[in-house]
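*Asks:* Would you be able to build a 3D model of this:
(chains A, B, C and D)
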There are 2 protein chains.
Amino acid sequence: MKLHVSPDIFPPRGHEAKRLSIVDSAATVFCREGFAGANIDLIAAEAGVSRQTIYNHHGDKEKLFVAVVRDLTERCNAGIFATIATFPDRPNDLEADLIGFAVRLNQNCICNRDGKCLRKLIQTEGERYPELFAEWREQGPGRTWPAIAARFARLAYGGYLSIADPDVAARQFLGLVNAELQTTFMLGGTPREDEVVQSATNGVRTFLRAFGKRPAPSSAKKHTALANA
Amino acid sequence: MKLHVSPDIFPPRGHEAKRLSIVDSAATVFCREGFAGANIDLIAAEAGVSRQTIYNHHGDKEKLFVAVVRDLTERCNAGIFATIATFPDRPNDLEADLIGFAVRLNQNCICNRDGKCLRKLIQTEGERYPELFAEWREQGPGRTWPAIAARFARLAYGGYLSIADPDVAARQFLGLVNAELQTTFMLGGTPREDEVVQSATNGVRTFLRAFGKRPAPSSAKKHTALANA
DNA sequence: GACGATTTAGACAAGAGTGTCTAAATTTGT
DNA sequence: ACAAATTTAGACACTCTTGTCTAAATCGTC
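*Replies:* Just a heads-up that it's a prediction; the model follows:
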């Protein structure tokens, strides 16, 4: 009588569950050890399946690796678009809202397990699988960056910002809010939340000094957007 | 009776040359294949020495790896400090001078062979050798970033910039001028020169919008620094 | 409870890589 | 040219890993 066992996953809940569990553990091990250093037996142990099951599902090590990257790309993309949906279109407090967005982006998409794994795999194996990671580049940054740029363009159109090239601004926004986390990211570490907030705060302030509309000394035509809502 | 054997060069002249050649080739192979994937025979072949010579010099694979990272850190640091020495202290054209500095930093220290190798090794093996790369963090960013910050502080003191926290400004400068190269760096690629110039130009312009002293609409006291030299 | 599909453990062959050893060849200093 | 140090090539033992195979155990479903 197992009435309240977690209905979702952990125990072998069938064929597809095992496939998931395998890809999941493989992501962890590939991320930690790299492709060459990863050991199928270790992946099997971590996934709680036998080695043979992995071969049954995925054929060989390389196909398993490809499945892992595709899976991570898809999940990360979903997370990023979900976060982009929280972009402040009609900000009350522009600075605070942009800082919040930057922190969410970092915590939910870059510093989480999937984001960390995918980043590591791109860094370590990017040169070995050009076509696979070219695909990632198109599906990942190739779609998310323009989406972010579009949000900044809307902010500019609404009079909140003064932006010449939204694509450049979007990339620079990401560069700024991550400026203080670069070293940690390079070493594969995970920054503490207060570090993320600090970097985002500093980054957004600089971003607004560059692209914000100064209310005081401007002589340009007046922009009414700041007064609405 | 060895009267004047220099105490430094006990072993013959070719000895040290071989050591160099080994570390050099090892850097290339470790960078390309990662630690686990690197093959001592391949390193030996690429260095033009026998495998046994590598073991004579470095003991084992791990010690060789450590020697490679130390060597790269030292050489990259030297390059970065040499480039920092070209930082514009009394700029004629602030924008152009900062763009030039950013491009030099990228081309001579980040995109060159040593820089690319070191970055890759940090990314791929950073978690496996915490103390080794902690050492890099101290010797590398821990020393170069404050040096750059000091130069920005001097620019601010000279009236060319308006900076509250030079350390933050330095990190953001680096984040901005590299903002458009992130994806390429992640994949282990080398950006074309025009991409580097483009990213640096966009980055410096934004940096100056945030930290530059506006000559035109300002009502503040005039700053004479721009007129000298 | 029974049947078919899936999973499992373990053995296995084949290949690759590390690190050691030895004897011969080469280089270096005098 | 000689003697010492160094380098070399190759063989070697050992370990580790991948991918296959088989027979038994387990699971899902009726």
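*Asks:* Pick out the residue nearest the middle of chain A.
*Replies:* The residue lying closest to the centre of chain A (CA atoms, centre = their mean) is A:C109, at 3.1 Å.
*Asks:* remind me which residues of chain A are low pLDDT?
*Replies:* Residues of chain A that meet the criterion pLDDT under 70 lie in A:1-13, A:214-229.
*Asks:* hmm, back to that, part of a strand, is the residue nearest to the centre of chain A?
*Replies:* No. Using DSSP: H, G, I helix; E, B strand; the rest coil, the assignment for A:C109 is helix, not a strand.
*Asks:* so what's A:R143 up against?
*Replies:* Going by CB atoms under 8 Å, 6 or more residues apart in numbering or on different chains, A:R143 touches A:N77. C-beta coordinates here come from the backbone N, C-alpha and C atoms, glycine included.
*Asks:* three-state assignment of A:A164?
*Replies:* Secondary structure, three-state DSSP: A:A164 is coil.
*Asks:* Distance check, it against A:A210.
*Replies:* Between A:A164 and A:A210 the computed distance is 11 Å (CB to CB, to the nearest Å).
*Asks:* So between these two, which is more surrounded?
*Replies:* When A:A164 and A:A210 are compared for neighbours, A:A210 comes out ahead with 23 against 10, by other CB atoms under 10 Å in any protein chain shown.
*Asks:* follow-up on the earlier one: so the residue nearest to the centre of chain A sits against A:C76, correct?
*Replies:* Yes. Taking CB atoms under 8 Å as the definition, A:C109 is a contact partner of A:C76 at 6.3 Å.
*Asks:* what touches both of the two?
*Replies:* Jointly contacting A:C109 and A:C76 under the rule CB under 8 Å, 6+ apart are A:G115.
*Asks:* Could you show which parts of chain A are in contact with DNA strand D?
*Replies:* Within reach of DNA strand D by CB under 7 Å from any atom of the strand, chain A has these residues: A:12-14, A:38-41, A:51-52, A:55, A:60-62.
*Asks:* could those go into JSON lines alongside neighbour count, secondary structure and distance to B:R143?
*Replies:* Formatted as JSON lines, those follow (neighbours: other CB atoms under 10 Å in any protein chain shown; DSSP: H, G, I helix; E, B strand; the rest coil; distance: CB to CB, whole Å):
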{"residue": "A:P12", "neighbour count": "11", "secondary structure": "coil", "distance to B:R143": "53"}
{"residue": "A:R13", "neighbour count": "15", "secondary structure": "coil", "distance to B:R143": "53"}
{"residue": "A:G14", "neighbour count": "9", "secondary structure": "coil", "distance to B:R143": "56"}
{"residue": "A:A38", "neighbour count": "20", "secondary structure": "coil", "distance to B:R143": "35"}
{"residue": "A:N39", "neighbour count": "14", "secondary structure": "coil", "distance to B:R143": "38"}
{"residue": "A:I40", "neighbour count": "16", "secondary structure": "helix", "distance to B:R143": "42"}
{"residue": "A:D41", "neighbour count": "10", "secondary structure": "helix", "distance to B:R143": "43"}
{"residue": "A:R51", "neighbour count": "14", "secondary structure": "helix", "distance to B:R143": "47"}
{"residue": "A:Q52", "neighbour count": "9", "secondary structure": "helix", "distance to B:R143": "52"}
{"residue": "A:Y55", "neighbour count": "15", "secondary structure": "helix", "distance to B:R143": "50"}
{"residue": "A:D60", "neighbour count": "10", "secondary structure": "coil", "distance to B:R143": "46"}
{"residue": "A:K61", "neighbour count": "18", "secondary structure": "helix", "distance to B:R143": "41"}
{"residue": "A:E62", "neighbour count": "11", "secondary structure": "helix", "distance to B:R143": "41"}
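*Asks:* can I see the domain layout of chain A?
*Replies:* Using automatic domain parsing, the domain parsing of chain A gives A:12-59, A:69-214.
*Asks:* what's the most buried one of those domains?
*Replies:* Highest mean neighbour count of the domains of chain A: domain A:69-214, a mean of 19 (counted as mean count of other CB atoms under 10 Å in any protein chain shown).
*Asks:* how far does that one sit from the chain's center?
*Replies:* When distances are taken as CA atoms, centre = their mean, to the nearest Å, domain A:69-214 is centred 7 Å away from the chain's centroid.
*Asks:* does any bit of stretch A:106-120 sit next to chain B?
*Replies:* Yes. Applying CB under 8 Å from any CB of the partner chain, one finds stretch A:106-120 touching chain B at A:R119, A:K120.
*Asks:* Run through who's touching that stretch.
*Replies:* So stretch A:106-120 is contacted by A:27-28, A:30-31, A:69, A:72-73, A:75-76, A:79-80, A:82-83, A:136, A:177-178, A:181, A:185, A:188, A:190-191, A:193, A:196, A:200, B:123, B:186 (CB under 8 Å, 6+ apart).
*Asks:* Also stretch A:65-74?
*Replies:* Contacts of stretch A:65-74 with the rest of the structure, by CB under 8 Å, 6+ apart, involve A:23, A:26-27, A:30, A:35, A:58, A:114, A:117-118, A:121, A:125, A:129, A:132-133, A:135-136, A:139-140.
*Asks:* for stretch A:184-193, same thing?
*Replies:* Contacts for stretch A:184-193 (CB under 8 Å, 6+ apart): A:106-107, A:110-111, A:116, A:119-120, A:178, A:181, A:195, A:199, B:119, B:122-123, B:126-127, B:133, B:137.
*Asks:* make it 7 Å
*Replies:* Contacts to stretch A:184-193, defined as CB atoms under 7 Å, 6 or more residues apart in numbering or on different chains, come from residues A:C111, A:K116, A:K120, A:L181, B:I122, B:Q123, B:G126, B:E127, B:F133.
*Asks:* would JSON lines of these with secondary structure and distance to A:R171 be doable?
*Replies:* Formatted as JSON lines, those follow (DSSP: H, G, I helix; E, B strand; the rest coil; distance: CB to CB, whole Å):
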{"residue": "A:C111", "secondary structure": "coil", "distance to A:R171": "19"}
{"residue": "A:K116", "secondary structure": "helix", "distance to A:R171": "21"}
{"residue": "A:K120", "secondary structure": "helix", "distance to A:R171": "22"}
{"residue": "A:L181", "secondary structure": "helix", "distance to A:R171": "16"}
{"residue": "B:I122", "secondary structure": "helix", "distance to A:R171": "23"}
{"residue": "B:Q123", "secondary structure": "helix", "distance to A:R171": "20"}
{"residue": "B:G126", "secondary structure": "coil", "distance to A:R171": "25"}
{"residue": "B:E127", "secondary structure": "coil", "distance to A:R171": "27"}
{"residue": "B:F133", "secondary structure": "helix", "distance to A:R171": "27"}
